[in-house]
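Undergrad: one predicted model, sequence on top.
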Amino acid sequence: MTTGTGTARAGGAGTGTAGPDASLAGTSGAGAQPPLTLREFEAAARARLDPAHYDYFAGGAGDEVTLRANEAAFARVALLPRVLRGAGPPRTDVTLLGTAASMPVLVAPTAFHRLADPEGERATARAAAATGTIMIVSMAATVAVEDVAAAAPGAALWFQLYVQPDLAFTERVVRRAEAAGCAALVVTADSPARGVRERELRHGFLDLPDGLRCENMRDGAGTRSIAMSPELSWDHIDRLREMTALPIVLKGVLHPADVRPALDRGVAALVVSNHGGRQLDAVPAALDALPAVAAAAGRAVPVLLDGGVRRGTDVLKALALGADAVAVGRPVIWGLAAGGERGAARVLELLRAEVELALALCGCASPGDLAPDMVVRRPW
Ligand SMILES: Cc1cc2nc3c(=O)[nH]c(=O)nc-3n(C[C@H](O)[C@H](O)[C@H](O)COP(=O)(O)O)c2cc1C
Ligand SMILES: CCCCC(=O)C(=O)O
């Protein structure tokens, strides 16, 4: 049985149920059954990927304490549904910074999709468009942002920026993202240096293989490698605000004291994130950092969260604790590696169906109905 709702979706790729997609049969690491959960997609992806590439995608910094904490934090929170509210079939759609999305789940910016599928970010963008949600295109994409947009007409794209020490070059990248139709600029603030992921070191995975490159770095001077900028400061946010009319989203906020300066500089949204445990190990799980950041934002701007979201129920927990939406990083890559565009679309549609069912079972008519009183900490 499905929740049987008539929720409008921008695409029709999914079945609207949580049932298996037979066309993905054989992609599961577990045998002929198509993957039915995000975790099964990870197993399927692992079975297909070069181990060095699997470990690049899966790994975290240091002892991976934060990587594990992201998922564990969701397990420590329980949902407390309301009953008999006559909510009717739930809507799952949201609007963020003027961009409509079929669900409060976005595609987080992740690098190097062509390591997972030859079509790379083109396939991811088509999958996001089919599901009707927003894809945040990474600055470290292996397909140029113009080509991502051209491959998926109608896709809702935002662009993630690593501010480069050369601000003139940074401005050229911003102009390219604008011209490609990206509707927001997501500035990653948690990477003044690159985290050390020891899995990469063990494999000697230090650079993209021949034939693949960061296509958003190409310009007249040829392809450059992406620099992390230790000098990044609030002044750069002011400069970016002068540079572009696009709304600026600050990604990688954990400390509530960083909210005020962001609001003062006209930042349009915040993403509570520890970069999927890939930057500073031993920082809190994203879910645990969320309530204080959301309280500091006080509903002045949308607050997003990423890190460890693997189920529709995880989405509801984050919304109840103050998020307006979440983003998923690795699960989309697992879908892509397991089944290309169809696999990535399936991952997103599974999440949408799970969110819809969980909303119905919580007595919610829409994502906005979640409130802090609808979660409890598990007593263990
Ligand atoms: C393989 C990989 C590459 C990533 N590349 C980027 C990137 O280019 N820019 C960025 O801001 N964040 C990047 N991130 C972080 C994600 O945007 C996001 O914060 C994280 O993946 C969320 O955690 P999850 O994978 O548990 O969903 C990357 C994460 C992964 C796993
Ligand atoms: C220069 C590429 C950075 C990609 C990234 O952010 C990550 O691997 O986490």
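TA: Good, I have the coordinates. Ligands and ions are numbered 1, 2, ... in the order given.
Undergrad: all helices of the stretch 151-300 of the chain, in order?
TA: Remark: helices assigned in the stretch 151-300 of the chain by DSSP state H, counting those that start in this stretch are 167-179, 198-203, 234-243, 259-264, 286-297.
Undergrad: residues contacting the closest residue to T131 other than its chain neighbours?
TA: Of all residues not flanking T131 in the chain, L348 sits nearest, at 3.9 Å (CB to CB, 6 or more residues apart in numbering). Heads up, the C-betas are built off the backbone N, CA and C, glycines and all. Residues near L348 by CB atoms under 8 Å, 6 or more residues apart in numbering: G14, V105, V107, A127, A128, A130, T131, T133, V332, G335.
Undergrad: so which strand or helix has the last one?
TA: Following DSSP states H and E, one finds G335 within helix 330-361.
Undergrad: number of nearby residues for D166?
TA: By other CB atoms under 10 Å, the residues close to D166 number 14.
Undergrad: give me the pLDDT for it.
TA: We have a pLDDT of 93 for D166.
Undergrad: for the stretch 101-250 of the chain, which residues are neighbours of ligand 2?
TA: Within the stretch 101-250 of the chain, the positions near ligand 2 by CB under 6 Å from any ligand atom are A111, A140, I226.
Undergrad: those residues also near ligand 1: which ones?
TA: Checking these against ligand 1 by CB under 6 Å from any ligand atom, the ones in range are A111, A140.
Undergrad: quickly list what the closest residue in space to K317 that isn't next to it in sequence is bridged to.
TA: Leaving aside its sequence neighbours, K317 sits nearest to V77 (CB to CB, 6+ apart; 4.8 Å). Taking DSSP bridges as the rule, V77 bridges to R377.
Undergrad: give me every residue that touches V77.
TA: Contacts of V77 by CB under 8 Å, 6+ apart are L287, K317, L321, V375, V376, R377, R378.
Undergrad: dump these to JSON lines, plus pLDDT, neighbour count and distance to ligand 2.
TA: JSON lines is the format used below for the contacts of V77 (pLDDT from 0 to 100; neighbours: other CB atoms under 10 Å; distance: CB to the nearest ligand atom, whole Å):
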{"residue": "L287", "pLDDT": "98", "neighbour count": "27", "distance to ligand 2": "19"}
{"residue": "K317", "pLDDT": "98", "neighbour count": "27", "distance to ligand 2": "24"}
{"residue": "L321", "pLDDT": "98", "neighbour count": "22", "distance to ligand 2": "24"}
{"residue": "V375", "pLDDT": "98", "neighbour count": "17", "distance to ligand 2": "29"}
{"residue": "V376", "pLDDT": "97", "neighbour count": "11", "distance to ligand 2": "33"}
{"residue": "R377", "pLDDT": "91", "neighbour count": "8", "distance to ligand 2": "30"}
{"residue": "R378", "pLDDT": "83", "neighbour count": "8", "distance to ligand 2": "30"}
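Undergrad: low-confidence ranges, this structure, go.
TA: Low-confidence segments of the chain, defined by pLDDT under 70, are located at 1-19, 26-32, 220-223, 380.
Undergrad: change it to 80
TA: Where the chain drops to pLDDT under 80, the residues are 1-23, 25-32, 219-224, 379-380.
Undergrad: nearest to ligand 1 within it, name that residue for me.
TA: Per CB to the nearest ligand atom, G329 is where the chain lies closest to ligand 1, at 2.1 Å.
Undergrad: show me what contacts that residue?
TA: A108, P109, T110, G276, D306, G307.
Undergrad: what separates the residue nearest to T131 from R342, distance-wise?
TA: Distance, L348 to R342, using CB to CB, to the nearest Å: 11 Å.
Undergrad: what do the two both touch?
TA: With CB under 8 Å, 6+ apart, L348 and R342 have common neighbours A127.
Undergrad: quick check: chain neighbours aside, which residue is closest to V347?
TA: G335 is the one closest to V347 (CB to CB, 6+ apart), at 3.4 Å.
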